[in-house]
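> dropping the sequence and predicted coords here.
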There are 4 protein chains.
Amino acid sequence: MTLDALTQRLRDFAAARDWEQFHTPKNLAMALSGEVGELTALFQWLTPEESADWRADETREFNVRDEIADVLVYLVRLADVLGVDLLEAANAKVDRNEKRFPPLVR
Amino acid sequence: MTLDALTQRLRDFAAARDWEQFHTPKNLAMALSGEVGELTALFQWLTPEESADWRADETREFNVRDEIADVLVYLVRLADVLGVDLLEAANAKVDRNEKRFPPLVR
Amino acid sequence: MTLDALTQRLRDFAAARDWEQFHTPKNLAMALSGEVGELTALFQWLTPEESADWRADETREFNVRDEIADVLVYLVRLADVLGVDLLEAANAKVDRNEKRFPPLVR
Amino acid sequence: MTLDALTQRLRDFAAARDWEQFHTPKNLAMALSGEVGELTALFQWLTPEESADWRADETREFNVRDEIADVLVYLVRLADVLGVDLLEAANAKVDRNEKRFPPLVR
């Protein structure tokens, strides 16, 4: 399964439910923001060390996977509606970051 | 370029800068949340119709691509640090959503 | 009831539950972020016009009040832990905004 | 200066700039979300201990105050537009929380 296949699957999913009318960039940005809020909440009271040991609690493990999935779903849907190629945009950004933050010389 | 290749690229990027120490799940969730906040801000005063016409303004177009890229970068990095397969998690979630929200019968 | 009284009430509430250990600025910023995500989610699929008519649905009305309350609670708690006077900071910011964005001349 | 006075000040500020047209609940929820994202970003790479020592860096101190102010500004404006009494809503929520989370018995 590739990102393209997921993009197509979500496009079909929205069409089959007549949800395209709700999927404006503005609304999808809000939905993304809501899901990231839920993901953040799962880590808020953990120390950084505990956050690395997130699988210790089974319910938390399920919830983390579930929220991460929701974030990707809305991000993919937003990029699709905007006509932005997610991987291309991310790679162009990492290119810029490589110039902005030179690696350590060792 | 695939999502796996981006994941590897970001892993190398962090290692070359000795940034792995900062990349706890907790911190990456916060970074993701910050980037989504910046993305949301780009659409906050637009009507839904204006948000669909986001390319009308060149600076906005660059900024939207830039912020979307940042969101994917931190999401990929977070999933990598957690050991979560992003595409698998998203597809499992869409499977659940298909049962939860049956498609329209037409 | 004033903002100062609410600040004191929340300080006592945390102390009585031994929650002060969790209330670092970092954790409270995350909690604030999570609550704002939940608030945003309540408006995500509404048109701007529907969002103005939020009382049309009783459950939504309760949820909006509830989430707004949570946002204020964590904001007040964060400011208290940081030793920031919320009203003073906000007024200083509005002073700056008044210079930055001159009013319309009519 | 009270919360009521700040509410009135922000109402006048919006009116003097003809910004009321942008201040729908939906848009203000997004603006709040954007500001909280910026606030969160200030703490994202800090350890919880460093986050408690936020005044060590003068630029950070200014930025934290500035972002906290922005969060309160949009929260107050949102509550005003919704007709929600912030302090009343927060106190009602703390009443509910007191029942939900009994204090420690010592």
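Ah, there it is. Predicted model only: the values in this text are computed from it and were never measured.
> the longest helix seen in chain A near chain C anywhere?
For chain A, the longest helix by residue count, based on DSSP state H, is helix A:58-82. No. Judged by CB under 8 Å from any CB of the partner chain, helix A:58-82 makes no contact with chain C; its nearest approach is 9.7 Å. Heads up, the C-betas are built off the backbone N, CA and C, glycines and all.
> and the next element down the chain from that helix?
Counting by DSSP states H and E, the next helix or strand C-terminal to helix A:58-82 is helix A:86-100.
> just checking, A:Val94 touches B:Gln8?
No. Counting by CB atoms under 8 Å, B:Gln8 is not a contact partner of A:Val94; they are 11.4 Å apart.
> can you pull the pLDDT of the residue nearest to A:Ala89 when sequence neighbours are not counted?
Using CB to CB, 6 or more residues apart in numbering or on different chains and skipping residues adjacent in sequence, the residue nearest A:Ala89 is B:Ala69, 4.2 Å away. Per-residue confidence for B:Ala69 comes out at a pLDDT of 98.
> also the one 3 residues further on?
Among the per-residue scores, B:Leu72 holds a pLDDT of 98.
> does any part of the helix or strand hosting A:Leu6 sit near chain B?
Using DSSP H and E, A:Leu6 falls within helix A:3-16. Yes. Using CB under 8 Å from any CB, helix A:3-16 comes into contact with chain B via A:Leu3, A:Leu6, A:Arg9, A:Leu10, A:Phe13, A:Ala16.
> helices or strands next to that helix in the packing?
Applying 3 or more CB pairs under 8 Å, 6 or more residues apart in numbering or on different chains; DSSP states H and E, one finds that helix A:3-16 contacts helix A:58-82, helix B:86-100.
> so how far is A:Val73 from the nearest residue to A:Trp19 once chain neighbours are set aside?
Using CB to CB, 6+ apart and skipping residues adjacent in sequence, the residue nearest A:Trp19 is A:Phe13, 7.9 Å away. Applying CB to CB, to the nearest Å, the value for A:Phe13 to A:Val73 is 9 Å.
> and the two? Which one has more around it.
Higher neighbour count among A:Phe13 and A:Val73: A:Val73, with 23 against 17, using other CB atoms under 10 Å in any protein chain shown.
> I'd guessed that one sits against B:Lys93; true?
Yes. At 6.3 Å, A:Val73 counts as touching B:Lys93 under the criterion of CB under 8 Å.
> got the buried residues for the worst-scoring helix or strand of chain A on mean pLDDT?
Least confident helix or strand of chain A, by mean pLDDT, DSSP states H and E, is helix A:48-52 with a mean of 85. Of all the residues in helix A:48-52, those buried under the rule 16 or more other CB atoms under 10 Å in any protein chain shown are A:Pro48, A:Glu50, A:Ser51, A:Ala52.
> residue of chain A with the smallest distance to chain D?
Per CB to the nearest CB, A:Ser33 is where chain A lies closest to chain D, at 5.0 Å.
> quick check: A:Val71 touching A:Gly34?
No. Using CB under 8 Å as the test, A:Val71 is too far from A:Gly34 to be in contact (9.8 Å).
> which bits of chain A sit near chain D?
Residues of chain A lying near chain D (CB under 8 Å from any CB): A:Lys26, A:Ala29, A:Met30, A:Ser33, A:Gly37, A:Thr40, A:Thr47, A:Pro48.
> using TSV, please lay out those together with distance to chain B and secondary structure.
Output for the residues of chain A next to chain D, formatted as TSV (distance: CB to the nearest CB, whole Å; DSSP: H, G, I helix; E, B strand; the rest coil):
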residue	distance to chain B	secondary structure
A:Lys26	4	helix
A:Ala29	5	helix
A:Met30	7	helix
A:Ser33	5	helix
A:Gly37	7	helix
A:Thr40	5	helix
A:Thr47	8	coil
A:Pro48	4	helix
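> show the buried residues in the residues you listed.
Neighbour counting with 16+ other CB under 10 Å marks A:Lys26, A:Ala29, A:Met30, A:Ser33, A:Gly37, A:Thr40, A:Thr47, A:Pro48 as buried within the residues of chain A next to chain D.
> what is the nearest of these to C:Arg65?
Closest approach between those and C:Arg65, by CB to CB: A:Gly37, at 17.8 Å.
> for that closest one, list the residues it contacts.
Going by CB atoms under 8 Å, 6 or more residues apart in numbering or on different chains, A:Gly37 touches B:Ser33, C:Ser33, C:Gly34, C:Glu35, C:Val36, C:Gly37, C:Glu38, C:Thr40, C:Ala41, D:Ser33.
> now do A:Ala89
Counting by CB under 8 Å, 6+ apart, A:Ala89 has contacts A:Ala79, B:Arg65, B:Asp66, B:Ile68, B:Ala69, B:Leu72.
> against A:Glu35, how distant is it?
Taken as CB to CB, the span from A:Ala89 to A:Glu35 is 19 Å.
> grab the nearest non-local neighbour of the closest residue to chain C within chain A.
Here chain A gets closest to chain C at one residue, A:Gly37, 1.3 Å apart by CB to the nearest CB. Distances taken as CB to CB, 6+ apart place C:Gly37 nearest to A:Gly37, at 1.3 Å, with adjacent residues excluded.
> doesn't B:Glu98 make contact with the residue nearest to A:Trp19?
Yes. Counting by CB under 8 Å, B:Glu98 is a contact partner of A:Phe13 at 7.2 Å.
> just give the number of residues close to the closest residue to A:Arg55 other than its chain neighbours.
Spatial nearest neighbour of A:Arg55, chain neighbours left out: A:Glu61 (4.9 Å); criterion: CB to CB, 6+ apart. Using other CB under 10 Å, A:Glu61 has 15 neighbouring residues.
> same check on the one 3 residues further on?
Residue neighbour count, defined by other CB under 10 Å, stands at 24 for A:Val64.
> repeat for A:Phe22
16.
> quick one, what contacts the nearest residue to it once chain neighbours are set aside?
Spatially, and ignoring its direct neighbours in sequence, A:Phe22 is nearest to C:Trp45 (5.0 Å; CB to CB, 6+ apart). Residues in contact with C:Trp45 (CB under 8 Å, 6+ apart) are A:Phe22, A:Asn27, A:Ala31.
> before we move on, back to that, C:Ala56: which of the buried residues of helix A:48-52 is nearest?
A:Ser51 (40.0 Å).
> which ones are touching A:Phe43?
A:Ser51, A:Trp54, B:Pro25, B:Lys26, B:Ala29, C:Met30.
> let's go with 6 Å and repeat that
Contact analysis of A:Phe43 by CB atoms under 6 Å, 6 or more residues apart in numbering or on different chains lists A:Ser51, B:Lys26, B:Ala29.
> same thing with A:Ala29?
By CB under 6 Å, 6+ apart, the contact list for A:Ala29 reads B:Leu39, B:Thr40, B:Phe43.
> fine by me, we can end here.
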